[in-house]
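Undergrad: how does the following fold in three dimensions:
(2 chains)
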Amino acid sequence: MKKFLWGLGRYVLLLKKTFSRPEKFSIYYKQTMHEMVSLGFDSVGIVAIVSFFMGAVITLQTAYNTENPIYPAYLIGLGTRDSIILEFSSTITALLLAGKMGSNIASEIGSMRITEQIDAMEMMGVNSASYIILPKVVATFIFNPFLMLICVVVGITGGGVAGELSGVINLQDYIYGIQYAFIPYYITYSMIKTFFFAFIITTISSYQGYYVEGGSLEVGTASTKAVVYSSLVILLFNVILTQLLLS
Amino acid sequence: MIKVLNLTKSFNGTVVLNNISVEFEKGKTNLIIGQSGSGKTVLLKSIIGLHEIEAGEVWYDEILFGSLDFNGRKGLRQQMGVLFQGGALFDSLTVEQNVRFPLDMFTNKSLEEKTEHVNYCLKRVNILNSNKLFPSELSGGMRKRVAIARAIALNPKYLFCDEPNSGIDPKTSILIDALIKELTEEYSMTTIINTHDLNSVMEIGEKIIFIHEGNKCWEGNNKEVLKSDCKTLNDFIFANSLAKQLILK
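TA: Coordinates of the predicted model:
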């Protein structure tokens, strides 16, 4: 418990250092653009592929579980849409990104720490936490909502393709289903969760990397911890935010 | 001038530096020597504030380092150049961008002016036609020289070098020593170098302190180091029997 509180305190102090006033906005702007490409744009492929197949599986599973003439076929589309918007596009994508972005961030910052690059920055009078971490937080804040929307579109498309090809639902019913009783607030809800999860992934992973001590083995451990802790905190906040936003 | 008074530092209850007092002079190459694990790097990092000290004082001319707040330290650090053991060049930046980094952060010069200054610094350390290379494409000696170029980019008043000769051949090592000495005189800097390289001790040791198990055991210069009656220093200097025979001859 003492160790947890000590770690939490250090995490809060790191955040304070991270969100202090940047030395030069032009440099931070360039860094943010660079991070948007390396963290955000480079994740589009994996998010799209996973979303497509998950959308397909959700459609097939919904179809096999509602194989009853009482239920209209369009419910399959509706079920797929709501599953993807409410949970998959935000939470499951966040867990996926915690693996990809989290390990990337922790190992990058951890390597900088053990090769004294962070010390070198500090010795120049640069706020290393702000220079390294802030652009990552801003970049994911801007880009992750796009990833969420990509996930929704590609996931629903994947469901439609799988439904049509397997014959469990025709495209007309599916399209009717995904339009039926649509609640726009679900997108807002998912978007809010995405912002929280983006913050969790970048800050926890950065924290793990920033305080690495030792060598490459410790960088590997930090990378693993970044993924595990980010995922656990995402799951915890998923429950809290769902209760707060949907109750 | 940098003055260290009664500096003590410990890790988890183990005293690593014990009551060290020393004055490092301006315009001279001041060497901290000692065996691996003697506390040299901890002393250097304590002086520059990368380690918080338990007791003692570090004075940069008239400024007491411990009395400075975050912004005060930030300001003072812009007057420091540090050469880390591995160079600590930023992997994602080219040679030119590495040297330009402190200029980008702390000056309002135009890109042309900055590039001109970067080229001057690189020329000063004899790195030519390598502006667009990344650190991974450089040899050990080149990395050290680029790191020196970056350290002097803001014309610092204080230069700190942690093992500048580690991992490089003796010839390059001598060139780097000579370069540091030249720059120290040219910029009139207070330079502190951590080393256990005997060549450096003999070539550029204008002031030398010997650290053994966290204690300052000896203080002098390169002319006095061979005549010392400090046993631990002699054990360190004459560790190599061939060197011992040659020096005694």
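
Undergrad: going forward, measure contacts between C-alpha atoms and count neighbours the same way
TA: Noted.

Undergrad: the helix or strand hosting B:L44 vs chain A: in contact?
TA: Element membership for B:L44 (DSSP states H and E) is helix B:40-47. No: legend: contact between helix B:40-47 and chain A by Cα under 8 Å from any Cα of the partner chain is lacking; minimum distance shown is 9.8 Å.

Undergrad: how about whichever helix or strand comes after that helix and chain A, touching?
TA: Counting by DSSP H and E, the next helix or strand C-terminal to helix B:40-47 is strand B:55-60. No: if you take Cα under 8 Å from any Cα as the test, strand B:55-60 misses chain A, and the best it gets is 14.7 Å.

Undergrad: tell me the buried residues in strand B:55-60?
TA: Within strand B:55-60, the residues that count as buried by 16 or more other Cα atoms under 10 Å in any protein chain shown are B:56-60.

Undergrad: chain center to the helix or strand following it: distance?
TA: Using DSSP H and E, the helix or strand that follows strand B:55-60 in sequence is strand B:63-64. Distance, stretch centre to chain centre, for strand B:63-64: 20 Å (Cα atoms, centre = their mean, to the nearest Å).

Undergrad: what's in contact with strand B:63-64?
TA: Residues from elsewhere that reach strand B:63-64, judged by Cα atoms under 8 Å, 6 or more residues apart in numbering or on different chains: B:57-58.

Undergrad: just want the angle from the next helix or strand after it to strand B:55-60.
TA: Going down the chain from strand B:63-64, the next helix or strand is helix B:70-77, by DSSP H and E. For helix B:70-77 against strand B:55-60, the angle by axes from the mean of the first three to the mean of the last three Cα atoms, to 10 degrees is 50 degrees.

Undergrad: may I ask which helix or strand encompasses the most centrally placed residue in chain A?
TA: Residue closest to the average C-alpha location in chain A (Cα atoms, centre = their mean): A:A94, at 2.7 Å. Take DSSP H and E as the rule and A:A94 turns out to sit in helix A:93-97.

Undergrad: and what of A:A181?
TA: Assessed by DSSP H and E, A:A181 sits outside every helix and strand.

Undergrad: local confidence estimate at it?
TA: Per-residue pLDDT puts A:A181 at 91.

Undergrad: that one: neighbour count?
TA: The tally of other residues near A:A181 (other Cα atoms under 10 Å in any protein chain shown) stands at 9.

Undergrad: against chain B, how distant is it?
TA: Between A:A181 and chain B the distance, using Cα to the nearest Cα, to the nearest Å, works out to 50 Å.

Undergrad: from the contact counts, what lies against the longest helix anywhere in chain B?
TA: Identified as the longest helix of chain B according to DSSP state H is helix B:170-187. The contact analysis (3 or more Cα pairs under 8 Å, 6 or more residues apart in numbering or on different chains; DSSP states H and E) places helix B:170-187 against helix B:140-151, helix B:198-204.

Undergrad: which one of those lies closest to B:K123?
TA: Of all these, it is helix B:140-151 that lies closest to B:K123, at 8.7 Å by Cα to Cα.

Undergrad: hmm, back to that, now the weakest link among the helices and strands packed on helix B:170-187, please, by mean pLDDT.
TA: Mean pLDDT is lowest for helix B:198-204 out of these, coming in at a mean of 81.

Undergrad: for the very next helix or strand once past that one, name the packing helices and strands.
TA: Proceeding N to C from helix B:198-204, the next assigned helix or strand is strand B:207-212, under DSSP H and E. Here strand B:207-212 touches strand B:29-33, strand B:215-220, going by 3+ Cα pairs under 8 Å, 6+ apart.

Undergrad: and if we set it to 10 Å?
TA: Here strand B:207-212 touches strand B:14-24, strand B:29-33, helix B:40-47, strand B:190-195, strand B:215-220, helix B:231-237, going by 3 or more Cα pairs under 10 Å, 6 or more residues apart in numbering or on different chains; DSSP states H and E.

Undergrad: that one vs strand B:14-24, what angle?
TA: 170 degrees.

Undergrad: wait, doesn't A:Y131 sit right on A:Q31?
TA: Yes: with contact defined as Cα atoms under 10 Å, A:Y131 reaches A:Q31; the gap is 8.2 Å.

Undergrad: which is the next helix or strand following the longest helix along chain A?
TA: Criterion DSSP H: the longest helix present in chain A is helix A:128-166. Following helix A:128-166 in sequence order, the next helix or strand is helix A:171-179 (DSSP H and E).

Undergrad: can I get the helix holding A:A94 in CSV, CA atoms only?
TA: Extracted in CSV, the C-alpha atoms of helix A:93-97 (Å, rounded to 0.1, in the frame of the first residue of the first chain):
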residue,chain,number,x,y,z
THR,A,93,-9.6,-0.4,-29.1
ALA,A,94,-8.0,1.3,-26.1
LEU,A,95,-6.8,-2.1,-24.8
LEU,A,96,-5.3,-2.8,-28.2
LEU,A,97,-3.6,0.6,-28.3
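
Undergrad: rewinding a little: ranking the helices and strands packed on helix B:170-187 by burial, who's on top?
TA: Burial of the helices and strands packed on helix B:170-187 is given as mean neighbour count (mean count of other Cα atoms under 10 Å in any protein chain shown); helix B:140-151 ranks first at a mean of 25.

Undergrad: then it to PDB, C-alphas only?
TA: Coordinates of each C-alpha in helix B:140-151 appear next as PDB, following Å, rounded to 0.1, in the frame of the first residue of the first chain:
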ATOM      1  CA  GLY B 140      32.400   6.100 -30.700                       C
ATOM      2  CA  GLY B 141      35.000   8.900 -31.100                       C
ATOM      3  CA  MET B 142      32.700  10.900 -33.500                       C
ATOM      4  CA  ARG B 143      29.800  10.500 -31.000                       C
ATOM      5  CA  LYS B 144      31.900  12.000 -28.300                       C
ATOM      6  CA  ARG B 145      33.000  14.900 -30.500                       C
ATOM      7  CA  VAL B 146      29.400  15.600 -31.600                       C
ATOM      8  CA  ALA B 147      28.400  15.500 -27.900                       C
ATOM      9  CA  ILE B 148      31.200  18.000 -27.100                       C
ATOM     10  CA  ALA B 149      30.000  20.200 -30.000                       C
ATOM     11  CA  ARG B 150      26.500  20.100 -28.500                       C
ATOM     12  CA  ALA B 151      27.900  20.900 -25.000                       C
END
